[in-house]
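Undergrad: Sequence and predicted structure are below.
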Amino acid sequence: MNPRRPDYAEYVRSIFDSAAFIRDLGVQLVDVGPGFCETALVIAPRLLQQHGFVHAGVSTTLADHTAGGAAATLIGPDEAVLTSEYKIHFLRPGRADRLTCRAAVLKAGSMFHVVEAEVRATDLLIAKMIATVAVVPAEKTRR
């Protein structure tokens, strides 16, 4: 997969740095390359649900934002990405001190990218997401 902007890695880092909710959760960008993104999250007690597992919303947010990062590696300099739709399968409860996520673009299109994201607790696959990420003019995302 070929990036359409030479500064794609810096752009993806800026997406993570400027997303307040992602910073509040503690999501860290680990690696980024053409068509993929990897993240990690140290699990704090505030991220657990009532049974002591990682909350499904935390795993979903990790997968969604990582998928967006992967999609963003393949857009042009005047474009941005926004999640259009996703489906997530929770395969087992998340119980670990740390989650990791790797997302990869399956199909890059001019209007939408299809991205797959896998969330792992240690080495166990706990969730798998398929997301459709819209490619939009960057001006439409400015406040």
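TA: Thanks, I have the structure now. Numbering: from 1, shown residues only.

Undergrad: drop to CA atoms for contacts and neighbour counts, all remaining ones
TA: Fine.

Undergrad: In contact with the residue nearest the centre of the chain, which residues are there?
TA: Centroid-nearest residue in the chain: Thr66, 1.3 Å away (criterion: C-alpha atoms, centre = their mean). By C-alpha atoms under 8 Å, 6 or more residues apart in numbering, Thr66 lies in contact with 37-39, 101-103, 117.

Undergrad: Then Ile75?
TA: 3-5, 135.

Undergrad: Equivalent analysis for Gly57, please.
TA: Taking C-alpha under 8 Å, 6+ apart, one finds nothing in contact with Gly57.

Undergrad: Angles on the backbone of it, please.
TA: Torsion angles at Gly57 (phi, psi; degrees, to the nearest 10) stand at phi -70, psi -30.

Undergrad: Flag every buried residue along the strand of greatest length in the chain.
TA: Assignment by DSSP state E gives strand 124-137 as the longest strand of the chain. Neighbour counts using 16 or more other C-alpha atoms under 10 Å place 125-136 of strand 124-137 among the buried residues.

Undergrad: who does that strand pair up with?
TA: Strand 124-137 pairs in its sheet with strand 79-90 (antiparallel), strand 112-121 (antiparallel), by DSSP bridges.

Undergrad: Other residues contacting the shortest one?
TA: If I follow you right, that is strand 112-121. Applying C-alpha under 8 Å, 6+ apart, the contact partners of strand 112-121 are 59, 62-64, 66-67, 70-71, 94-108, 125-135.

Undergrad: For that strand, give the mean pLDDT please.
TA: Mean pLDDT, computed over strand 112-121, is 98.

Undergrad: Give me the distance between it and the centre of its chain.
TA: Remark: strand 112-121 is offset 7 Å from the chain centroid, using C-alpha atoms, centre = their mean, to the nearest Å.

Undergrad: who's in contact with Arg13?
TA: Per C-alpha under 8 Å, 6+ apart, neighbours of Arg13: Leu29.

Undergrad: Make sure I have this right: it is in a strand.
TA: No. Under DSSP: H, G, I helix; E, B strand; the rest coil, Arg13 falls outside any strand and is assigned helix.
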